[in-house]
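*Asks:* show me how the following folds:
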Amino acid sequence: MHVLFYTLGCKVNQYETQAMRRLMEKSGFSTGEYTDSSKTDQDVAIVINSCTVTGESDRKLRQLLRRLRRRNPHAVIVLTGCMPQAFPKAAEKYTEADIVLGNASRSSLAEQINRYLTLGRRIVEISPHNNKFEPLSIDEFQGRTRAFVKIEDGCDRYCSYCIIPYARGHVRSKPRKELALELQSLADKGFSEIVLVGINLTSYGREWDGSICDAVEIACSIPNVKRVRLGSLEPDSMTPEVISKLSTFEKLCPQFHLSLQSGCEKTLKRMNRHYTPLEYRGVCDMLKQHFPDCALTTDVMVGFPGEDETEFKESLTFVKSIGFLRVHIFSYSPRPGTPAARSPNQIPTAEKTRRNHIMAEVCNESRDKYLDRWIGRQTEVLIETRHSNGGV
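*Replies:* Numbering: from 1, shown residues only. Now for the predicted structure:
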């Protein structure tokens, strides 16, 4: 049987799709990536690895399921990932899916497909999370020149707008020995850049009083790994000790995605974020001190419930003052099931769009200023792709 994967959402989901492909291939299935041009028949399964970070994500998932079922009436459709784990009752009603699995049941994918083919009955298997890191690993990352490696799962922060703690459970970290073996396997396959990712990446190692530095040290110790990157980081976990230790690793790429969300203290408090703008600025200053010319990127939300014009301008001024290379700007979208979705003073869509455009203009100026600093300078780079004619 041929199994095609359709991945929605974050880098962690992309990693988990790769891991599921590896599990399926070990069980004798052939695998690939589903595209709208894919031709299917009765001997094909389509696996959707879902995201549920916003209500819009769920709307798009429902549309996708309907479209896939309409175009592939004889295929076995599997829904897995964050959406069924966070909302099992809603996922059970998505009857276009023949098999519905939560995040905690992902490793049984091959078994469940074989079970469905044998019994011919719809399967819904959504188990609660346990406190152990799921034993997934990869030795390949199809279609990429760098490999994302998931080293942490779960989140205990409970930001007021976020459903992910319910979809992912409590913090769990990949054991260090397993991480070293996986990274060595990827290096042996020629992957010279590793991106360490997680749901709450800076919680890595908490179970043994460790830190993200443990994972970076392991990655940098692999001889054929030339560059190590980090995924999204929580600013309050980037302590002086952590930053100082990270600065000792020569292979660590000095680009840090430091999650902000808002530059206004009042807004951050309503978001249940665990830092103030002043503390965030302190982390940025420490990073710039230990990593001269480092690139800082971030996420910024506009139109959070209760964000009036004064709060927005305060956030805008703060973002401008940091000098980010890149900012992912997104308008607040209510996520049913979270406190923020029930909050009063929701911002109209048109106003959120206006603020998004204003924030984008400021961030584009910051990007240009950062890039201008590199004009006329020479630096070492890692070639990621080559053209068929031998050029780069």
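
*Asks:* ranges for the strands of the stretch 151-300 of the chain?
*Replies:* Under the criterion DSSP state E, counting those that start in this stretch, the stretch 151-300 of the chain contains strands at 172-173, 193-198, 227-230, 232-233, 255-258, 295-302.

*Asks:* tell me the angle the helix or strand following the last one makes with strand 295-302.
*Replies:* Downstream of strand 295-302, the next assigned helix or strand under DSSP states H and E is helix 309-322. For helix 309-322 against strand 295-302, the angle between stretch directions is 170 degrees (axes from the mean of the first three to the mean of the last three Cα atoms, to 10 degrees).

*Asks:* on that earlier part again, check the strands of the stretch 151-300 of the chain for me and report the most buried one.
*Replies:* strand 193-198 (a mean of 24; mean count of other Cβ atoms under 10 Å). No exception for glycine: its C-beta is placed from N, CA and C like everyone else's.

*Asks:* distance to Leu117 and mean pLDDT added to the strands of the stretch 151-300 of the chain, as TSV?
*Replies:* Output for the strands of the stretch 151-300 of the chain, formatted as TSV (distance: least, Cβ to Cβ, whole Å; pLDDT from 0 to 100):
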stretch	distance to Leu117	mean pLDDT
strand 172-173	32	96
strand 193-198	33	97
strand 227-230	40	97
strand 232-233	39	98
strand 255-258	42	98
strand 295-302	42	98
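
*Asks:* just so I know, which of these lies nearest Lys150?
*Replies:* Closest of those to Lys150 is strand 193-198, at 5.6 Å (criterion: Cβ to Cβ).

*Asks:* hang on, the earlier thing: could you dump the strands of the stretch 151-300 of the chain to CSV with distance to Gln378?
*Replies:* Output for the strands of the stretch 151-300 of the chain, formatted as CSV (distance: least, Cβ to Cβ, whole Å):
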stretch, distance to Gln378
strand 172-173, 39
strand 193-198, 21
strand 227-230, 18
strand 232-233, 29
strand 255-258, 18
strand 295-302, 17
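
*Asks:* Ser30: which of those is closest?
*Replies:* Using Cβ to Cβ, the nearest of those to Ser30 is strand 193-198, at 26.7 Å.

*Asks:* how far off centre is the closest one?
*Replies:* What separates the centre of strand 193-198 from the centre of its chain is 10 Å, taken as Cα atoms, centre = their mean, to the nearest Å.

*Asks:* quick check: which ranges of this structure have low pLDDT?
*Replies:* 39, 41, 143, 384-392 (pLDDT under 70).

*Asks:* longest helix anywhere in it?
*Replies:* The single longest helix within the chain, with elements called by DSSP state H, is helix 349-372.

*Asks:* let me know the angle separating that helix from helix 309-322.
*Replies:* 10 degrees.

*Asks:* buried sites along helix 349-372?
*Replies:* Going by neighbour count (16 or more other Cβ atoms under 10 Å), the buried part of helix 349-372 is Lys352, Arg355, Asn356, Met359, Val362, Cys363, Ser366, Arg367, Tyr370.
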